[in-house]
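Asks: Sequence and predicted structure are below.
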Amino acid sequence: MNDKEPSEFIADLADCNAINPEIVEFVRAKQHSDECYYNLADFLKVFGDSTRVRILSALDTHEMCVCDLANVLNMTKSAVSHQLRVLRQSDLVRARREGKNMIYALADDHVQSIFELAMEHIHEE
């Protein structure tokens with residue numbers, strides 16, 4: 001068992017002493033697991049591709065099939081399909097069958113909120 005005070009233990013791992021050990025302990029107690037942060041980073045990486053962001057923007061306006069998305073984005077059907085696969089695997093986009101076509105939409109209100117808040121942040125002055 002470690003008989004050090006919590007703030008001393010923190011100092012052992014960092015290359016400096018905590019200035020406000022009470023705050024450090026409070027914030028550390030609120031931290032999530034490393035796995036949670038890795039999953040969040042992977043999730044956010046999906047937003048790191050401008051083509052995927054353009055698809056999300058189009059789907060934020062209206063649900064569409066892959067051919068309509070390809071026309072909106074001036075891309076090939078194959079290129080759009082590839083990016084839709086990534087977005088679906090990340091649970092950002094959902095698909096439903098309508099006759100012979102698959103209709104794509106944002107997965108839920110959370111995705112819409114994340115996208116719209118990010119756009120709002122980008123457009124702040």
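Replies: Cool, got the structure. Numbering: from 1, shown residues only.
Asks: Against Ile55, how distant is the residue at minimal distance from the centre of the chain?
Replies: Among the residues of the chain, the one closest to the centroid is Leu44, at 3.2 Å (C-alpha atoms, centre = their mean). Per C-beta to C-beta, to the nearest Å, Leu44 is found 16 Å from Ile55. Yep, even glycine has a C-beta here, placed from its N, CA and C like the rest.
Asks: next one: Ala70
Replies: According to C-beta to C-beta, Ala70 stands 10 Å off from Ile55.
Asks: what's the answer for Cys16, then?
Replies: Counting by C-beta to C-beta, the gap from Cys16 to Ile55 is 44 Å.
Asks: overlap in contacts of Ala70 and Ile55?
Replies: Contact criterion C-beta atoms under 8 Å, 6 or more residues apart in numbering; residues bridging Ala70 and Ile55 by contacting each: Val80.
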